[in-house]
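heads up, no residue letters with this:
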C-alpha cells in the first residue's frame, strides 16, 4: 500500500523567499505524481503533473521534480507571494483510473 | 462546464440520523471518486466508480457507508446511522475516459459534515 509523507507539515515565511516542499512515497511503481493546492473551504486544484518518465515540470513560479527510484518529489516555489498561502498536497498515482493516495499536506503561510 | 457539483455544501446532523451526500460529475467524465478528509488521517479514497460500476470500495470504513451511481450524471454517498467520528469534509472527483499519463482528477468543493 502506497504511503506518502510530506515535510514540513507547516511553513511560514516572509514574502519574496524561495521555498521547497518535500514529498516522499514508499512504492516507486507510479504512473505519475501530482501536486495539488487546497485553499481553506475549497476543493483541490491540480498545479503540476509529472509523468513517471519525466524528471521535472514547470509552471510559472512553480517547479516540481521527481526522483522515482528514490521515491521523492519536491515542489519549488520561487519569489513567494501572499497569494501562495494554501495547503499543498502531493499525490503519486498507481495508474489508469485508480484513486489517488495523498500526503497530509504542507500548510504554507506567506507573510506580507 | 460548471465543474464537479456537490450538495449540500454543509450538513449538520445528529448522531443516528441518515445522511446523503450528492455529486454530479463533469459531463463526459466516466470515472467518479469519493474521498474523505480529516485532520487526523488527511485525504483518503473511499470508493471509485468507472462507467457507473463500483471498482474499489476497500476504503469504505464500515457497513454504515454505502455509495451508488445510478447513472453517469449522479452519485450518492450515504451514511446510516451517522456517528460523530464521521465528521469530515467529503470530496467528490471525476476524471475523463481514455486516461493518459497527463490526465488528472477534477475535484468538487466538498461537503462539510458535522455529526453532533
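Great, that's in hand. As the structure is a prediction and not an experimental result, all values here were calculated from the model.

going forward, measure contacts between C-alpha atoms and count neighbours the same way
Noted.

Pull the contacting residues for residue A:22.
The contact partners of residue A:22, by Cα atoms under 8 Å, 6 or more residues apart in numbering or on different chains, come to A:6-8, A:72-75.

Would you double-check that residue B:78 falls in a strand?
Yes: secondary structure assignment places residue B:78 in a strand (DSSP: H, G, I helix; E, B strand; the rest coil).

ok, the contacts of residue A:22 vs residue A:16, which is closest?
In terms of Cα to Cα, no member of the contacts of residue A:22 lies closer to residue A:16 than residue A:75, at 16.1 Å.

Okay, now the unreliable bits of chain A?
A:95-97 (pLDDT under 70).

neighbours of the nearest residue to residue B:31 once chain neighbours are set aside, just the number please.
With Cα to Cα, 6 or more residues apart in numbering or on different chains as the criterion, residue B:31 has its nearest non-adjacent residue at 4.5 Å, and that residue is residue B:50. Neighbour count of residue B:50, defined by other Cα atoms under 10 Å in any protein chain shown: 20.

pLDDT wise, what is residue B:50 at?
Turning to residue B:50, the model gives it a pLDDT of 92.

Surely it is in contact with residue B:25?
No: in terms of Cα atoms under 8 Å, residue B:50 does not count as a neighbour of residue B:25; the distance is 12.0 Å.

Common neighbours of these two, please.
Residues touching both residue B:50 and residue B:25 (Cα under 8 Å, 6+ apart) are residue B:32.

Report how many residues lie close to residue 71.
The chain I'm using is chain A. Residue A:71, neighbours per other Cα under 10 Å, totals 17.

please go with chain B instead
10.

Could I get the phi/psi values of it?
When read as degrees, to the nearest 10, the backbone of residue B:71 gives phi -150, psi 180.

ok so, going back, what pairs with the residue nearest to residue B:31 across the strands?
For residue B:50, the beta-bridge partners under DSSP bridges are residue B:31, residue B:53.

Fine by me, we can end here.
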